[in-house]
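Peer 1: Provided below for reference: sequence and predicted model.
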Amino acid sequence: MAFLRDITFTGKLGHLTAYKMKGTDKIILRRNGGPSKDTINNSPGYALNRLHRQEFGAGVMLGKNIRFMLGALRSVANYNITAKINSLLKHVKLKDTEGALGKRAFRLTSMPTLLQGFPLNKRSTFDTMLFTAITWSLSRETRSARVEISELIRGLNFSPPHQHPYFCITAVLGIVPDILYQESKAAYAPPDWFDGMYAPVQVSSPWYPAQNGAPPITLDLSTDLVPADESYTVMLSIGVRFGLLLEDNKVQLLDHMGSAKILALK
């Protein structure tokens with residue numbers, strides 16, 4: 001992998017492509033090469049490659065739905081969580097020992113604990129900011145959750161960055177569908193019931209001065225959406241976000257400031 005230093009551009013230039021990636025402030029440079037798109041899509045010699053590529057696309061689709069169900073907490077990630085999640089999801093297809101190559105199912109329901117505890121940050125993780133007991137319950141049957149956090153005392157069990165004056169705790173509940181190969185469509189897709197109505201549910205605590213910490217916090221979440229079958233996983237995430245006090249005593253959320261993790265899946 002090559003990096004640009006004194007020359008700064010992104011996009012294609014001849015046989016080179018320059019692009020940015022989350023987790024680094026440098027511009028990455030790579031050389032274009034390999035077989036043509038037409039060769040990959042149609043040549044018999046790439047038949048096996050096409051099957052693996054089809055499964056890769058299914059994993060990407062599942063990863064996209066997982067990230068969507070993180071809701072507002074996606075904004076606090078400070079590294080490329082997409083690549084990490086997609087890498088972990090390779091284990092999901094291996095659970096399908098009966099499906100043919102290119103059609104193996106990506107059922108997160110087959111190993112829901114795979115992403116439990118997954119951090120959205122490499123620096124200042126959620127567990128290093130809040131090193132206290134968090135009690136949670138998550139019901140797949142009722143698609144509801146409760147999170148209870150004990151009293152937060154700065155310097156004892158709460159360690160936020162010094163420059164952030166206010167904070168809140170946010171929990172997000174989402175429904176992640178399995179991704180299956182559908183013969184009628186000759187392609188991978190989520191179940192037909194999964195449509196634009198399936199958005200994550202988010203609940204936040206009040207804003208608290210970071211210098212003081214916070215009293216015990218309880219967050220309850222639920223959704224009225226009822227999937228038509230059992231091919232889904234309920235995912236609960238939690239994060240701490242920071243804000244700035246304005247002149248009218250309102251707190252303005254600071255974008256991309258905070259830390260979060262996937263708390264539980266069922």
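Peer 2: Looks like it arrived, so ask away. Numbering: from 1, shown residues only.

Peer 1: helices of the protein, residue ranges please.
Peer 2: Ranges of helices within the chain are 37-42, 47-68, 81-88, 90-93, 126-129, based on DSSP state H.

Peer 1: mean pLDDT lowest for which of those helices?
Peer 2: Lowest mean pLDDT within those: helix 37-42, a mean of 60.

Peer 1: rewinding a little: turn the helices of the chain into JSON lines, columns for mean neighbour count.
Peer 2: The C-beta positions use only the backbone N, C-alpha and C, and glycine is treated the same way. JSON lines is the format used below for these (neighbours: other Cβ atoms under 10 Å):
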{"stretch": "helix 37-42", "mean neighbour count": "11"}
{"stretch": "helix 47-68", "mean neighbour count": "17"}
{"stretch": "helix 81-88", "mean neighbour count": "17"}
{"stretch": "helix 90-93", "mean neighbour count": "17"}
{"stretch": "helix 126-129", "mean neighbour count": "18"}
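
Peer 1: A189 is nearest to which of these?
Peer 2: helix 47-68 (7.9 Å; Cβ to Cβ).

Peer 1: which outside residues touch that closest one?
Peer 2: 40-41, 74, 81-82, 85-86, 89-90, 92-93, 101-104, 106, 108, 115, 174, 176-179, 181, 188-190, 200, 235 (Cβ atoms under 8 Å, 6 or more residues apart in numbering).

Peer 1: for stretch 117-137, same thing?
Peer 2: Stretch 117-137 has contacts (Cβ under 8 Å, 6+ apart) with 23, 70, 73-74, 76-79, 81, 84-85, 88, 145-150, 152, 157-161, 236, 238-240, 259-264.

Peer 1: 7 Å instead, please
Peer 2: For stretch 117-137, contacts defined as Cβ atoms under 7 Å, 6 or more residues apart in numbering pick out 73, 76-79, 81, 145-150, 152, 157-161, 236, 239-240, 259-264.

Peer 1: local confidence estimate at G11?
Peer 2: If you check G11, the pLDDT there is 68.

Peer 1: from the centroid of this structure, which residue is nearest?
Peer 2: Taking Cα atoms, centre = their mean, the centroid of the chain lies closest to R67, which sits 3.2 Å from it.

Peer 1: distance of that residue from I262?
Peer 2: 11 Å (Cβ to Cβ, to the nearest Å).

Peer 1: hang on, isn't S231 packed against L108?
Peer 2: No - with contacts counted by Cβ atoms under 7 Å, S231 stays clear of L108, the gap being 9.2 Å.

Peer 1: is there a quick ChimeraX command that grabs whichever of the contacts of stretch 117-137 are buried?
Peer 2: If you want just the buried ones from the contacts of stretch 117-137 in ChimeraX, going by 16 or more other Cβ atoms under 10 Å, the selection is:
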select :73,76,77,78,79,81,145,146,147,149,152,157,158,160,236,239,240,259,260,261,262,263,264
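
Peer 1: in strands only, show me the contacts of stretch 117-137.
Peer 2: Within those, residues falling in strands by DSSP state E are 145-149, 236, 239-240, 259-264.

Peer 1: and those, which two are furthest apart?
Peer 2: Longest distance between any two of the ones in strands among the contacts of stretch 117-137 is 21.1 Å, between R146 and S259; criterion Cβ to Cβ.

Peer 1: distance of the closest residue to R30 other than its chain neighbours relative to N32?
Peer 2: Once flanking residues are discounted, R30 sits nearest to T17: 5.5 Å by Cβ to Cβ, 6 or more residues apart in numbering. T17 is 6 Å from N32, where distance means Cβ to Cβ.
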